[in-house]
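J.: no sequence for this one, just the structure:
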């Protein structure tokens, strides 16, 4: 409902590292050039259809809503967004709007194979120190921009001088601030996977707070650790919700600029808590009892993690399935709805003088919110089912066809080599096996958190 949407952005970049580490880093699927190409192609198929569909819709809204539209800056912004550079040059962000986050993810996915290979030989201590360093860099960049804005406003009192709120927004959308968070998310995914699979060893006891909650041992120790992580996740959820509820109060008493500054500041400095919250949600999970262990497990029941239960609620899972479409399309859908309201009220659907003007001539009141977001969900669901999923499968199928062709050529080459070896060494010796479809990177057996249905639901037929 928009109470604190800004703080969630950092959470998304951290969150992306956990499934990436489980799907690709721990399975060594990006160790080869073919694996990297497969990964990049799948990420392109995942992001590109909805990104460019939303970009075209945004361009239509710019022409439809603005009374006076400067054609050259608008087209420059459109092509900058089409080339995914708006997060490096925030002046180009107007047409793309919220799509800047997808552009940052594209650069993060491009770096992921290199980051994954670099993180693999590192120990837990090095990974945690790396996460801390990346957090300090990102937060330090926020402080640098704000201090620079204050100095500029003191030395230049003109209206063109950058103020602190503008500096905060530049940090919010800039790749220099966001890519470290993405890399920190990959490091977090590596840490979570190693601790989830192998447990905590004594040599890290004095270094990391994970020791307080996570430990090796029998089922009883694991059950106790899961309960402690459940409490950690739930209390952090309460704290993060409290920070979100403060946002509308700050806006009501101090104005929009103060709200934006406070929200982006929380986003910049609460990254360690976001990382701990995500780790707690993963570690709060514990296996269900086996059939022969029912009596023993009933005597020692597991604690409930209310955060996991809420996030597993089927309506929220459904929203997660179409979340990319919702994120990309909600702005143009809301603009079209507001244009209709303006036309009914005034006879003119145009909302603003230019795309740089954020003050709309007509705004839909809060009573329109249920209908607005019902329309957003309907359009997003239709776009996901009729456009995004079919096009994604088509793009990935093209990649798999190319892979099959390379596989056949490799098999033919291997067959010829085996024939030559049999002629030289005799028929009795066993020849090396030919390549099979099971050896190709990115086959349909990829899993997200070990669940086939989840993999197919989130990533499509071929993850």
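T.: Happy to help now that I have it. Just so it is clear, the model here is predicted, and its values are computed rather than measured. Residues are numbered from 1 along each chain as shown.

J.: Residue 62 is in contact with residue 350, correct?
T.: No - at 11.2 Å, residue 350 does not count as touching residue 62 under the criterion of C-beta atoms under 8 Å. The C-beta positions use only the backbone N, C-alpha and C, and glycine is treated the same way.

J.: more neighbours, the two?
T.: Taking residue 350 and residue 62 together and counting by other C-beta atoms under 10 Å, residue 62 has the greater number of neighbours (21 against 17).

J.: Can you give me the distance of the more buried one to residue 103?
T.: 18 Å (C-beta to C-beta, to the nearest Å).

J.: Residue 153 too?
T.: 29 Å.

J.: Low-confidence regions, the stretch 101-250 of the chain specifically.
T.: 157-161, 198-224 (pLDDT under 70).

J.: For it, which segments are assigned as helices?
T.: For the stretch 101-250 of the chain, applying DSSP state H, counting those that start in this stretch gives helices covering 124-155, 164-173, 175-198, 219-254.

J.: among the ones you listed, which is the most enclosed?
T.: Mean neighbours per residue, mean count of other C-beta atoms under 10 Å, is largest over the helices of the stretch 101-250 of the chain for helix 175-198, with a mean of 22.

J.: any idea of the angle that helix forms with helix 124-155?
T.: Helix 175-198 runs at 160 degrees relative to helix 124-155, counting by axes from the mean of the first three to the mean of the last three C-alpha atoms, to 10 degrees.

J.: by contact count, what packs against helix 175-198?
T.: Under the contact criterion of 3 or more C-beta pairs under 8 Å, 6 or more residues apart in numbering; DSSP states H and E, helix 175-198 touches helix 7-20, helix 100-119, helix 124-155, helix 271-283.

J.: Check what pLDDT residue 451 gets.
T.: If you check residue 451, the pLDDT there is 34.

J.: and if you look at residue 33?
T.: pLDDT recorded at residue 33 is 89.

J.: quick one: it and residue 71, what's the gap?
T.: Counting by C-beta to C-beta - residue 33 and residue 71 are separated by 43 Å.

J.: cool, and residue 320?
T.: Taken as C-beta to C-beta, the span from residue 320 to residue 71 is 39 Å.

J.: of these two, who's got more company?
T.: residue 320 (13 against 8).

J.: And the host helix or strand of the more buried one, how far out from the chain middle?
T.: If you go by DSSP states H and E, residue 320 is part of helix 314-321. When C-alpha coordinates are averaged (C-alpha atoms, centre = their mean, to the nearest Å), helix 314-321 and its chain have centres 16 Å apart.

J.: Remind me what it packs against, helices and strands.
T.: With contacts defined as 3+ C-beta pairs under 8 Å, 6+ apart, helix 314-321 has these neighbours: helix 452-459.

J.: Could you rerun that using 7 Å?
T.: Packing contacts for helix 314-321, counted by 3 or more C-beta pairs under 7 Å, 6 or more residues apart in numbering; DSSP states H and E, involve no helix or strand.

J.: What's the mean pLDDT across it?
T.: Rounded mean pLDDT across helix 314-321 is 91.

J.: What residues sit buried inside the following helix or strand past that helix?
T.: For helix 314-321, the succeeding helix or strand toward the C-terminus, using DSSP H and E, is helix 323-346. For helix 323-346, the neighbour count (16 or more other C-beta atoms under 10 Å) marks 324-339, 341-342 as buried.

J.: Quick one: work out the angle between helix 323-346 and helix 100-119.
T.: Using the same axes, to 10 degrees, helix 323-346 lies at 170 degrees relative to helix 100-119.

J.: What are the contacting residues of helix 323-346?
T.: 50-51, 54, 57-58, 61, 64-65, 97-99, 319, 348-349, 351, 360-364, 368, 372, 375-376, 379-380, 383-384, 388 (C-beta atoms under 7 Å, 6 or more residues apart in numbering).
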